[in-house]
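got a sequence here, can you build the structure:
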Amino acid sequence: MHRRTRAPFFPLPLAAALALAAAPCRAQEPAADAGCPGGRISTIFVDNHAVFDPTDTRLDPRFSWAYHFANRLHVPTREAVIRREILFTEGSCYSPDVLLDSERLLRATTFISNADIYGIRQPDGTYHVIVDTDDEWSTRIEPQVNSQGAGLELREANLAGTGQQVNAYYGHQLGEQVYGASYGTPQLLGTQLDAELSAGRTPNGYALTEELSYPFRGENGRWALRQRFEHEDRYFEYMVQDRGPEEASGRMVRLLFPERRRSADVGGVFRLGRRGNLTLFGVALAGEWIRYPGISRFASARDSAHGPPLLTPEQAGFDSVANVRAVFLAGQRSVYFVRRTALDAVRGTEDVRLGVEAEVGIGRSLERLSTDNDLALDLGLFLAGELPGGMLSGGRVTVEGKRDYGAPVGNWEWRNVFAQLDAWTYWRRSQESRHTVVASLAAAGGWRTTVPFQLTLGSLAGLRGYPRDAVTGARRAVLSLEDRYYLGWPYPQLFDLGSTAFIDVGRSWAGGDIFANGAPYRASVGVGLRAAFPPGSRRTYRLDVAAPLAGRVGLRSVVVSVGIGQAIGRDVRDDPQIRRSSRRSLSASLFDYPS
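Purely as a prediction, here's the structure:
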């Protein structure tokens with residue numbers, strides 16, 4: 001049972017205590033409920049705290065005006081929304097495991113920063129359950145900056161306290177206006193269905209995404225369903241060596257290939273077994289359509305001055321795709337959760353998934369609906385555990401590829417093979433320590449690709465002290481070591497602030513791709529700041545300043561990066577440069593319980 005150190009908000013927890021005190025005393029034990037040996041839940045009290053709880057005695061009174069101002073701007077989460085997220089109602093059997101699952105579900109939302117759920121046993125054998133939550137700050141203005149341009153995004157993650165998400169963005173990319181909006185809800189029309197809809201203008205067309213899903217509800221959830229459609233017109237950006245007089249300087253130019261992608265899928269997964277040892281089976285129908293409408297172009301007039309000759313998609317070796325597959329999914333999930341503080345959050349508490357997960361997806365193309373005669377294979381393995389000395393360690397491996405049954409005799413049948421390995425270790429000497437040391441290994445690669453594909457050694461997915469266009473290749477490996485320190489300064493009651501120091505070492509391999517070069521080992525070092533608002537929030541804003549450990553280091557060689565979340569660690573998912581090429585169409589992990 002998790003209890004708060006601060007005084008809870010009156011009258012909800014107090015009402016539970018009064019109900020216990022006012023209940024008539026009985027000399028005998030209450031009669032057992034045959035259907036619920038552990039007792040039933042008779043009453044649920046929802047105690048939702050504001051972003052800054054005015055009853056929290058730890059808050060600095062000097063900033064009372066700021067706390068009240070922030071609370072006035074924020075609409076509290078409605079009680080009905082919280083009740084729909086938890087896995088029990090009045091009359092349900094009391095189960096500590098279900099209460100823990102409900103806590104994790106609430107903490108996995110974008111609008112709840114922390115949740116504690118506990119029960120108080122009554123003299124009649126029933127339980128009063130207290131759902132104690134803190135709201136997350138939900139309104140954000142975020143700058144969007146990448147190699148193609150810049151813009152601004154306005155995001156509200158808890159519209160009018162309903163848990164619905166809306167956002168809008170506007171900017172310029174490649175000399176064109178881009179804009180769009182999206183809407184999402186975890187409770188469509190008051191149900192347990194998740195829904196998402198987004199639409200926008202891209203530099204060479206439009207983008208549209210629609211998704212309707214029913215995720216697994218806790219570790220005891222048996223069914224998950226999903227339907228999704230996606231369309232995107234985009235430019236795939238290649239970094240190519242400048243062939244002009246500045247070639248010796250290593251300058252790169254940007255070559256753009258127009259690409260139109262569409263995908264659609266519908267499927268479901270069933271879980272059987274007991275908690276901590278679940279087996280998954282599923283089926284789905286998934287379609288993918290990719291074509292390349294037109295010749296390549298340069299990103300700017302400067303790039304075109306000394307760039308290579310423009311290529312058609314055929315000259316670059318790209319194949320158009322039109323496939324519909326019957327997909328079969330299977331997996332094994334044997335996991336448990338622990339709560340830890342200040343791992344990826346500056347000071348917040350996080351749910352850490354440990355154990356083993358394995359999955360396989362096999363998709364056979366349907367002859368009458370496909371241009372290819374192939375078999376798609378998707379493999380995934382996750383492993384994590386606790387080690388002596390307060391360490392947590394784990395890793396994830398994913399491999400995907402397609403076997404082409406129409407390949408010429410004597411040719412290798414496998415194509416578009418992508419693989420990714422992420423391993424991490426966290427160490428804190430004690431729960432009171434301000435230091436968290438993180439080590440990670442990230443490796444990614446592609447083989448025999450017929451879709452646009454390129455990895456670079458720089459950027460947040462690689463060496464943070466190198467620009468994003470540094471060293472192109474088809475395979476990449478990066479080893480990182482980072483020391484995160486909680487400063488507790490200058491105003492810890494208003495926001496969390498921490499520092500970080502890191503070193504990255506990595507290299508790239510060329511492979512056989514048309515625009516890949518490869519390079520020997522390189523390294524970079526850097527420092528940064530991490531911030532979270534309000535205190536205890538798991539949402540972390542990061543500013544890193546890094547430089548390479550080679551050649552002359554000056555202001556021009558320093559790389560400054562800004563981001564949300566962490567560059568390394570357990571929360572880093574698919575490599576963004578792998579994802580833009582592979583986009584794992586469907587796998588059992590897409591149906592998984594939030595972790």
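
residue 98 - that's part of a helix, no?
Yes. Assigned with DSSP: H, G, I helix; E, B strand; the rest coil, residue 98 falls within a helix.

let me see the contact set for it.
By Cβ atoms under 8 Å, 6 or more residues apart in numbering, residue 98 lies in contact with 87, 88, 92, 218, 220. For the C-beta atoms, the positions are set from N, CA and C on the backbone; glycine is no exception.

separation between it and residue 38?
Note on residue 98: its distance to residue 38, by Cβ to Cβ, to the nearest Å, is 11 Å.

what does residue 285 give?
For residue 285, the distance to residue 38 - Cβ to Cβ - is 42 Å.

can you check residue 279 too?
Relative to residue 38, and taking Cβ to Cβ, residue 279 is found at 26 Å.

tell me how many other residues surround residue 478.
Neighbourhood size, residue 478 [other Cβ atoms under 10 Å]: 23.

the one 3 residues further on now?
Residues within reach of residue 481, counting by other Cβ under 10 Å, total 15.

and residue 72, by the same measure?
9.

list phi and psi for it.
phi -70, psi -30 (degrees, to the nearest 10).

and the host helix or strand of residue 254, what other elements does it pack with?
For residue 254, the host element (DSSP states H and E) is strand 252-274. In terms of contacts (3 or more Cβ pairs under 8 Å, 6 or more residues apart in numbering; DSSP states H and E), strand 252-274 is packed against strand 223-241, strand 277-291, strand 297-298, helix 301-306, strand 321-341.

now it against strand 223-241, angle please.
Using axes from the mean of the first three to the mean of the last three Cα atoms, to 10 degrees, the inter-axis angle of strand 252-274 relative to strand 223-241 is 160 degrees.

each with direction, which strands does strand 252-274 pair with?
strand 223-241 (antiparallel), strand 277-291 (antiparallel), strand 297-298 (antiparallel) (DSSP bridges).

for the first one, buried residues please.
Neighbour counts using 16 or more other Cβ atoms under 10 Å place 224-228, 230-241 of strand 223-241 among the buried residues.

over to the second one?
By neighbour count on 16+ other Cβ under 10 Å, the buried set for strand 277-291 is 278, 280, 282, 284, 285, 286, 287, 288, 289, 290.

can you list the domain ranges for the protein.
12-135, 204-591 (automatic domain parsing).

out of those, nearest to residue 177?
domain 204-591 (12.1 Å; Cβ to Cβ).

ok, residue 362 to residue 304 distance?
44 Å.

contacting residues for the nearest residue to residue 137 once chain neighbours are set aside?
The shortest distance from residue 137 to any residue other than its chain neighbours is 5.3 Å, reached at residue 51 (Cβ to Cβ, 6 or more residues apart in numbering). Counting by Cβ under 8 Å, 6+ apart, residue 51 makes contact with 70, 71, 74, 134, 135, 136, 137, 534.

mind redoing it with 6 Å?
70, 71, 74, 135, 137, 534 (Cβ atoms under 6 Å, 6 or more residues apart in numbering).

now those residues in a markdown table, with secondary structure and neighbour count?
Shown next, in a markdown table, are the contacts of residue 51 (DSSP: H, G, I helix; E, B strand; the rest coil; neighbours: other Cβ atoms under 10 Å):
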| residue | secondary structure | neighbour count |
| --- | --- | --- |
| 70 | helix | 18 |
| 71 | helix | 17 |
| 74 | coil | 20 |
| 135 | strand | 23 |
| 137 | coil | 20 |
| 534 | coil | 23 |
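
dump these to TSV, plus distance to residue 331 and pLDDT.
Compiled in TSV, these are given as follows (distance: Cβ to Cβ, whole Å; pLDDT from 0 to 100):
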residue	distance to residue 331	pLDDT
70	42	87
71	43	87
74	39	92
135	34	94
137	36	92
534	37	89
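
which one of those residues is nearest to residue 408?
residue 137 (58.3 Å).

what residues does the closest one make contact with?
51, 533, 534.

now residue 162: phi and psi?
phi -100, psi 0.

scratch that, residue 64
Torsion angles, degrees, to the nearest 10, at residue 64: phi -60, psi -40.

which one, of the helices and strands packed on strand 252-274, ends up nearest to residue 268?
strand 223-241 (4.5 Å).

using PDB, write out every CA atom in that closest one.
The C-alpha trace of strand 223-241 is given here as PDB (Å, rounded to 0.1, in the frame of the first residue of the first chain):
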ATOM      1  CA  TRP A 223      -8.300  -9.000 -25.700                       C
ATOM      2  CA  ALA A 224      -6.800  -6.100 -27.700                       C
ATOM      3  CA  LEU A 225      -8.000  -4.800 -31.000                       C
ATOM      4  CA  ARG A 226      -6.700  -2.300 -33.500                       C
ATOM      5  CA  GLN A 227      -7.600  -0.600 -36.800                       C
ATOM      6  CA  ARG A 228      -5.400   2.000 -38.400                       C
ATOM      7  CA  PHE A 229      -5.000   3.900 -41.600                       C
ATOM      8  CA  GLU A 230      -2.100   6.100 -42.600                       C
ATOM      9  CA  HIS A 231      -1.200   8.200 -45.600                       C
ATOM     10  CA  GLU A 232       1.900  10.400 -45.900                       C
ATOM     11  CA  ASP A 233       3.400  12.400 -48.700                       C
ATOM     12  CA  ARG A 234       7.000  13.200 -47.800                       C
ATOM     13  CA  TYR A 235      10.500  13.700 -49.000                       C
ATOM     14  CA  PHE A 236      13.100  11.100 -47.900                       C
ATOM     15  CA  GLU A 237      16.200  12.900 -47.100                       C
ATOM     16  CA  TYR A 238      19.600  11.600 -48.100                       C
ATOM     17  CA  MET A 239      22.900  13.100 -47.000                       C
ATOM     18  CA  VAL A 240      25.300  13.000 -50.000                       C
ATOM     19  CA  GLN A 241      29.000  14.100 -50.300                       C
END
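
who touches that strand?
Counting by Cβ under 6 Å, 6+ apart, 202, 204-216, 252-266, 268-270, 308, 452, 454, 469, 472, 515, 591 sit against strand 223-241.

separate out the buried members of those residues.
Among those, the ones that count as buried (16+ other Cβ under 10 Å) are 202, 204, 207, 209, 211-216, 252-266, 268-269, 308, 452, 454, 469, 472, 515, 591.
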